[in-house]
Structures are given as structure tokens and as C-alpha cells.
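Peer 1: below are the sequence and a predicted model; questions follow.
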Amino acid sequence: MHVGVIVRLCENIEEEIRKVQEFGLKSCQIVNWDMSLYSKELADRTLAACKKYGVAISSTWAGYSGPKVWDLVSGPLTLGLLPEAYRSQRVEDLKRGSDFAEMLGVDQVITHVGFIPENPNEVAYNGMVCALREVAVYMQKKGQKFLFETGQETPVTMLRCFEDIGTDNLGVNLDPANLMMYGKANPVDALDVIGKYVMDVHAKDGSYPTCGRKLGEETPLGEGKTDYPRFIARLKEIGYDGPLTIEREISGEKQVADILMAKETLEKLIAL
């Protein structure tokens, strides 16, 4: 295992990649929500910056257009491929994200697919599975893995969805904080269900919800409910040897301080 960090795709991508080197890291996951940035010119600049600063791209994270509300009530109506009103456009958005990953030579593409229905007999479930299969097949033809980021569904629901999609290029970007912040699972126990599919990990921390409408709070790594010593040890047990990509969804000096603290904590745990 090794430690990486989230990088936001932007016009000033050279500066963002330089920060990875400044953190003392050599791996990043590139995240994008702006479809207009998917250009060959920006892909070439990104690759040039990575070469200059000695940074590898472990995966790309593909967002999508339309409204997005990150809570437990409006989230199912706005996020991912569950809402039928936005589904067809978002399938195309994810395909463009796949195309951009191909330009970068990256073979793992991640997204939040949305609140997969717990009940597979719901009408919406089949439509969502068909849309996800279309994206998965598109990426499969490019030799890419399609990774679902955890959080908005229980691990067993994600497992069932993989089985129903039926392609062999599906995987998990396991975000331990999200599993708790959405109230869906303990991340250590979740590995018993979906561990064999884990291909990327977000190093993030948080707490369980304290009301039925809002997510739990994100925290600095080590200050939330994730038992990171047990979590890292369990990842080792199942043979995971990929990146632990630090994600801290704030900005400014506090974000930098928390990233550096997380890096130190994770490197100690990896070395045990």
C-alpha cells in the first residue's frame, strides 16, 4: 500500500500536481465535475505535470451534470443514475469521463452511482442496473475498471448490483467515512462483503448520522469513527496493495494540515 491524495481537475492543473509533490506523495486520484474540462489539451498538460513532479495517477473520479444534494432525503432524487430524469445524460457524462481517463492512460474510473435501491424488486432498480451495465460495457471495451464509491448503499446492495450487472470489470472505491456518514456500514466489517472488489481506497474519516435527514460529519483522519489500525490491518489481510488516497473535503490551511497529519498516520500504519 502507499499514500496518495485527491486532486481536482482544473485549468491550473500544473499547480495541483505540484502540491502532490509538496505533500511528499507520488500518487493522486483526479476528480472532475466539469465536463468542459475533458479535452486532449488538458490531458496532455496533466501528463506533462505528472512527469515533471514524479506523480502517478492511480484513478480518475468522474462526476456528472445536473443537480446534486448530498443528504439522505434529496440525495436519492438527485444523485447518480437512480433519478430517471438525469440518467441518460449522466450515462454520456460517465462515458466522457472514461474517454478522458483513456487519454491519461488510466484504467480505473470511479463515481458515486447513486442510492442503489435496497429492494431489487423496485422498478427503479432494473433501470439503474441497465444504465450502469451500459457504462460498464463501454469501459470494458477500453480495458478499464468501473469502480463504485461506497456510501449511498449497504455493502450487500452494492454486491447484488455487481452480480446483476454481470460484467467482469466492476470494483469498489472504498470510502470508510462515507459508509458511516450515510449510516450504511462499519467499514471494517464491510470488507467481509465487498473486500474482494476493493481496488481503491479513500483515506477519510467521519461519524454516523445523528438525525434521519443529514449525513454524519466529516472529521480529520483519526478523529472520527473509523478504526484505522483495524481497517488497514484488514486491508492487508485481504491482500489489498493499492493506494490510500487522502480526501479532506475542506479548503485552506486546515485542509493542508489535515492532509499532512493523515499522511503521517497512514504511513505509520502501513509500516506495521
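Peer 2: Done, it's in. Every value quoted in this text rests on a predicted model; they were computed, and no experiment measured them.
Peer 1: just the helices in the stretch 101-250 of the chain please.
Peer 2: Secondary structure of the stretch 101-250 of the chain (DSSP state H, counting those that start in this stretch): helices at 123-140, 155-165, 176-181, 187-194, 228-237.
Peer 1: what about the fourth one, distance to the chain center?
Peer 2: Helix 187-194 has its C-alpha centroid displaced from the chain centroid by 16 Å (CA atoms, centre = their mean, to the nearest Å).
Peer 1: any idea of the pLDDT on the closest residue to Asp205 other than its chain neighbours?
Peer 2: Excluding the flanking residues, the one nearest Asp205 by CB to CB, 6 or more residues apart in numbering is Gly224, at 3.4 Å. Heads up, the C-betas are built off the backbone N, CA and C, glycines and all. Note for Gly224: predicted pLDDT of 97.
Peer 1: Gly224 contacts Asn178, correct?
Peer 2: No. Taking CB atoms under 8 Å as the definition, Gly224 is not a contact partner of Asn178, at 11.2 Å.
Peer 1: which neighbours do those two share?
Peer 2: Shared contacts of Gly224 and Asn178, defined by CB atoms under 8 Å, 6 or more residues apart in numbering, comprise Gly206.
Peer 1: out of the two, which sits in the busier spot?
Peer 2: A count of neighbours by other CB atoms under 10 Å puts Asn178 above the other of Gly224 and Asn178, at 24 against 21.
Peer 1: name the nearest residue to that one, ignoring sequence neighbours.
Peer 2: In space, Asn178 comes closest to Gly151 once its chain neighbours are excluded; the distance is 2.9 Å by CB to CB, 6+ apart.
Peer 1: ok, how many other residues are close to Ile270?
Peer 2: Residues lying near Ile270 (other CB under 10 Å) number 14.
Peer 1: how far away is it from Gln29?
Peer 2: Ile270 sits 17 Å away from Gln29, going by CB to CB, to the nearest Å.
Peer 1: how about the strands in the stretch 1-150 of the chain?
Peer 2: Taking DSSP state E, counting those that start in this stretch as the test, the strands found in the stretch 1-150 of the chain are 2-8, 27-32, 56-62, 108-111, 145-149.
Peer 1: for Asn169, which of those is the nearest?
Peer 2: strand 145-149 (5.1 Å; CB to CB).
Peer 1: give the rounded mean pLDDT of that closest one.
Peer 2: 98.
Peer 1: do the same with stretch 97-108
Peer 2: On average, stretch 97-108 scores 98.
Peer 1: stretch 192-209 too?
Peer 2: Stretch 192-209 carries an average pLDDT of 98.
Peer 1: what comes up buried for it?
Peer 2: Residues of stretch 192-209 classed as buried under the neighbour-count rule (16 or more other CB atoms under 10 Å) are 193-195, 197-209.
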